[in-house]
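In: output the structure for:
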Amino acid sequence: SLLGCYMCKRHSYMPWYQSKDVSGYWGSHWRMTNRNPEIVDETGKRQIASHYYPLIDPYDSQDPDVIDYHVLLMKYAGVDGILIDWYGSHAVYDYRINLSGSNAVIDRLDDAGLQFAIVYEEYTAGNVATQMGKPAITAAREDIAYMQTNYFQQEGYITLDEAPLLLTFGPRYFRQPAQWTEIFRDLPTAPVFLPLWDHGAFTGDTDRGEFGWVDFNADLRVMETFYRKSPYLDVLIGSAYPRFDDYYEEGGTGTSYGNIPFNDGATLQATLAKATEHEAKYLQLVTWNDYGEGTVIEPTREDGFRCLTLIQEFTGVPYGEAELQLVYDYYQKKQTYKNNTAALQTLERVYALLVSLQPHGAKDLLAQLP
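Out: Have a look, this model is predicted:
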């Protein structure tokens, strides 16, 4: 349970990436409408739909090596778990492959000791209605039933007051409180349900609070107003982010939402400080890996480990960039020795040491592999 945890820190996590070597094709989140990852420049960078480039190159959300790399970095940054951007359980558009990506990361969290919860993109139920002829309410109820069966009962699922935590990014489709009452009707335990900030009017008595996102004002006045709601909300989840620099216009998928500069980490520091100022009990780090919107905290070629070292300072963990670099080195050797059985056995022991927070032993063992 999260109760009594100050401050619980969760990454919002996107499980929607596909790479050619794992899934057989480059997914739309690397391509948008006009990028081609098969084109590689003189620095070795693939052409992707983002202003930022992952330090480990574009990857697949179902790749266990990538998942372990992500999870280990989070642990050494003092992060408690992930909030998964979830597109439902139906075979419409890329929702089913995204579901596979979600389940792949969930399956790796237990060993790492991290928790998870779902952020439901409920507008997808409307697309299911359009594409499959199924009533949207029915589609949403089926999605919730999937969560109940596959997620809510897991030991690692985040709970509050012994009820599962469930966020929705909106709502954007179901904007009548009675609809949410109907969607949750068959659950044995009502979830601790949180809409996006300033969306509580659409969920009525079904919600227990709200969660924050990105404030495009330099003075953070929207965020300040949000935190001042704290006495009136049962549950409030704050937000902190490094930047916002989307690729929608360049990628041909729409107009840009705007820009928030990185400023060598000053934006992340300011939003973390705002959470501390208001004694936020829960904090969502926005985001681990949304390359399309540029709110990327995982290591990139552009910023290196800067975001994670700032989070380490914030969380007060006894680790620094050296441990993050060690995790990166571990990932690189996993790729180098993919076909070497003996080396992979050694790397399994390295992972066991890393995940149990024994970086010195992991470093010594990793050094045995040239």
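
In: scan the protein for its longest helix.
Out: Counting by DSSP state H, the longest helix found in the chain is helix 95-112.

In: what is it packed up against?
Out: Helix 95-112 sits against helix 64-77, strand 81-86, strand 115-120, with contacts defined as 3 or more CB pairs under 8 Å, 6 or more residues apart in numbering; DSSP states H and E. C-beta here means a position set from N, CA and C on the backbone, and glycine is covered the same way.

In: helix 95-112 and the last one, what's the angle between them?
Out: Between strand 115-120 and helix 95-112, the angle comes out at 160 degrees (axes from the mean of the first three to the mean of the last three CA atoms, to 10 degrees).

In: between strand 115-120 and strand 81-86, how many degrees?
Out: 30 degrees.

In: show me what the next helix or strand along the chain from strand 115-120 is packed up against.
Out: For strand 115-120, the following helix or strand on the C-terminal side (DSSP states H and E) is helix 124-132. Packing partners of helix 124-132 (3+ CB pairs under 8 Å, 6+ apart): helix 136-147.

In: mean confidence score for the helix it packs on?
Out: Across helix 136-147, pLDDT averages out at 98.

In: that helix packs against which elements?
Out: strand 115-120, helix 124-132, helix 177-183.

In: pull out the CA atoms of that helix and give them to me as CSV.
Out: This file holds the C-alpha atoms of helix 136-147, laid out as CSV (Å, rounded to 0.1, in the frame of the first residue of the first chain):
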residue,chain,number,x,y,z
ALA,A,136,-18.4,2.0,-25.7
ILE,A,137,-19.6,1.4,-22.1
THR,A,138,-19.4,-2.4,-22.7
ALA,A,139,-15.9,-2.0,-24.1
ALA,A,140,-14.8,0.0,-21.0
ARG,A,141,-16.4,-2.5,-18.7
GLU,A,142,-14.5,-5.3,-20.4
ASP,A,143,-11.3,-3.3,-20.0
ILE,A,144,-11.9,-2.8,-16.3
ALA,A,145,-12.7,-6.5,-16.0
TYR,A,146,-9.4,-7.3,-17.6
MET,A,147,-7.7,-5.1,-15.0
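
In: the helix or strand following that helix - what's its average pLDDT?
Out: Once helix 136-147 ends, the next helix or strand along the chain (criterion: DSSP H and E) is strand 159-160. What strand 159-160 shows for mean pLDDT is 96.

In: neighbouring strands - and their directions - for strand 159-160?
Out: Using DSSP bridges, the strands paired with strand 159-160 are strand 163-168 (antiparallel).

In: excluding chain neighbours, what is closest to Thr253?
Out: Nearest residue to Thr253, sequence neighbours excluded (CB to CB, 6 or more residues apart in numbering): Met32, at 5.0 Å.

In: so the one you found touches Glu249, yeah?
Out: No - with contact defined as CB atoms under 8 Å, Met32 and Glu249 do not form a contacting pair (10.1 Å).

In: the more surrounded of those two?
Out: Met32 (18 against 11; other CB atoms under 10 Å).

In: how about the contacts made by Asp143?
Out: Shown in contact with Asp143 (CB atoms under 8 Å, 6 or more residues apart in numbering): 88-90, 120, 124-125.

In: buried ones among the residues you listed?
Out: Neighbour counting by 16 or more other CB atoms under 10 Å classes 88-90, 120, 124-125 among those as buried.

In: closest one of those to His360?
Out: Minimum distance to His360 across the buried ones among the contacts of Asp143 is 41.2 Å, recorded for Tyr120 (CB to CB).

In: pick the most deeply packed of the helices and strands packed on helix 95-112.
Out: Looking across the helices and strands packed on helix 95-112 with neighbours counted as mean count of other CB atoms under 10 Å, the highest average goes to strand 81-86: a mean of 25.

In: same for it, what does it pack against?
Out: Judged by 3+ CB pairs under 8 Å, 6+ apart, strand 81-86 is in contact with strand 8-13, helix 95-112, strand 115-120.

In: which stretch among these approaches Gly320 most closely?
Out: Of all the helices and strands packed on strand 81-86, strand 8-13 sits nearest to Gly320, with 17.3 Å by CB to CB.
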